[in-house]
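Enquirer: Sequence first, then the predicted structure:
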Amino acid sequence: MTTITIYGVGLMGGSLALCFRGKPDLRVVGHSHSEASVKKYKERGVVDYATTSFEEAAAEADFIFVCVPVGMVEDYLNRLSKLPLKPGCVITDVGSTKASICRAADAMDWGSSYFIGGHPMAGSERSGVEAATPLLYENAFYVLTPGKHVPESVYESLVDLLRYTRAQIVRVEASQHDDIVGAISHLPHIIAVALVNQVAKYNESDPLYQNLAAGGFRDITRIAASEPVIWRDILLNNREVVLRLLSEWKGQMESFTALVESGSGEGIEEQFRQSREFRNQIPERRKGVLTSLFDLYVDVPDHPGIIGEITTSLGNERINLSNIQIIENRADVPGILRLSFRNEEDMDRAAKLLKPEYHVHA
Ligand SMILES: NC(=O)C1=CN([C@@H]2O[C@H](COP(=O)(O)OP(=O)(O)OC[C@H]3O[C@@H](n4cnc5c(N)ncnc54)[C@H](O)[C@@H]3O)[C@@H](O)[C@H]2O)C=CC1
Ligand SMILES: O=C(O)C(=O)Cc1ccc(O)cc1
């Protein structure tokens, strides 16, 4: 029997627990500092056993996943390194930043256990065990940052266990990871939050802003609804990278200001041409760090009952929808329905089913 212990059974830890739970010869133990959470983990059946005792949770573990906010990871690792862990125990984390966590872990005395940094590059703006799903990591990249002292066989044992997530493992150096994730995840979260807060201010004097904010605005600001504590820790932990990126971002904004000020239509077009080219090269159907849902867009004529017809025909074929949204529903334009699925197979089946009757696009 292999015991897997998860500290912090929230969105990420809970989703890992659901990937491992019930698999042959695996036992999942959850830890929380609060009694109420331990009760919840048990009631929801995400773990085989749950406890508030830090020591008891670690005692029999073969693998330990630390899934708490980034600002607490170092403290958890420090406490773990001082416990009599099972020889050969592999400790990993899921923190969104890697350089400072790995630096701190490298300086700890792990005895006969090993630390390997981890970051599953999938998630959502939701949080807590209530949002956990075993499908979270499917098709996503999962970064591992093993230090030099970690034997290959130990690294492989973690990779082997992570098969259950159906994620694609990538080995990256910790500081390179932080540079990349800073640009594709941390900066976008700041931009989304700043944009939403800017519009929220205008909305105070004219509520029409909120009413008209739909479609593209919702798309690029979904992540502005992310958990504040998690993001406070990420941005403060990746401080230097984030500050450099923000300074370069200011430069980007200044260039745009200059183009608009000088009326340079050609310059503006060129910016859009460049971004379109790079944007179109990004693979569409792999889950990235900013979760790409499996979405279909269906043009729907404006007649009563149409949405019911579509959802009923999907239901009859047992195709699960994860979300549904009417993007445009004015009298003068056809409506667009966005159907979101949890995986590619459901999306493809839905497209096949709906195509004969409706105009369906990705
Ligand atoms: N949210 C996301 O989409 C992603 C998050 N991560 C990383 O995963 C880790 C966990 O994040 P989530 O599962 O999203 O968060 P969450 O809020 O859903 O879960 C956090 C867990 O940590 C526990 N915890 C222990 N001490 C805590 C404290 N003092 N304050 C708050 N929570 C405490 C909570 O009880 C909870 O079980 C973070 O390090 C985050 O950077 C990594 C990839 C994606
Ligand atoms: O909601 C989204 O798309 C995210 O960006 C989720 C996310 C949050 C933090 C990470 O370190 C990785 C992924």
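Expert: Arrived safely. Ligands and ions are numbered 1, 2, ... in the order given.
Enquirer: if you skip the residues just before and after it, what's nearest to residue 58?
Expert: residue 83 (5.2 Å; C-beta to C-beta, 6 or more residues apart in numbering). For glycine as for every other residue, the C-beta is placed from the backbone atoms N, C-alpha and C.
Enquirer: Quick one: the helices in the stretch 201-350 of the chain, in order.
Expert: 208-212, 215-221, 228-237, 239-261, 265-281, 306-316, 344-354 (DSSP state H, counting those that start in this stretch).
Enquirer: By mean pLDDT, show me the worst of those helices.
Expert: Confidence, taken as mean pLDDT, is least for helix 215-221 of these (a mean of 84).
Enquirer: Can you name every helix or strand that that helix contacts?
Expert: helix 187-205 (3 or more C-beta pairs under 8 Å, 6 or more residues apart in numbering; DSSP states H and E).
Enquirer: buried ones in the helix it packs on?
Expert: For helix 187-205, the neighbour count (16 or more other C-beta atoms under 10 Å) marks 187-193, 196, 203 as buried.
Enquirer: Return that helix as PDB; C-alpha atoms alone will do.
Expert: Extracted as PDB, the C-alpha positions of helix 187-205 are listed here (Å, rounded to 0.1, in the frame of the first residue of the first chain):
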ATOM      1  CA  LEU A 187       1.100  39.500 -15.200                       C
ATOM      2  CA  PRO A 188      -2.200  38.500 -16.900                       C
ATOM      3  CA  HIS A 189      -3.800  38.200 -13.500                       C
ATOM      4  CA  ILE A 190      -2.600  41.700 -12.500                       C
ATOM      5  CA  ILE A 191      -3.800  43.100 -15.800                       C
ATOM      6  CA  ALA A 192      -7.200  41.500 -15.500                       C
ATOM      7  CA  VAL A 193      -7.600  42.800 -11.900                       C
ATOM      8  CA  ALA A 194      -6.500  46.300 -12.800                       C
ATOM      9  CA  LEU A 195      -8.900  46.400 -15.800                       C
ATOM     10  CA  VAL A 196     -11.900  45.200 -13.800                       C
ATOM     11  CA  ASN A 197     -11.100  47.700 -11.000                       C
ATOM     12  CA  GLN A 198     -10.800  50.500 -13.600                       C
ATOM     13  CA  VAL A 199     -14.200  49.700 -15.100                       C
ATOM     14  CA  ALA A 200     -15.700  49.200 -11.600                       C
ATOM     15  CA  LYS A 201     -14.800  52.800 -10.800                       C
ATOM     16  CA  TYR A 202     -16.600  54.100 -14.000                       C
ATOM     17  CA  ASN A 203     -19.500  51.900 -13.100                       C
ATOM     18  CA  GLU A 204     -20.000  53.800  -9.800                       C
ATOM     19  CA  SER A 205     -21.200  56.800 -11.700                       C
END
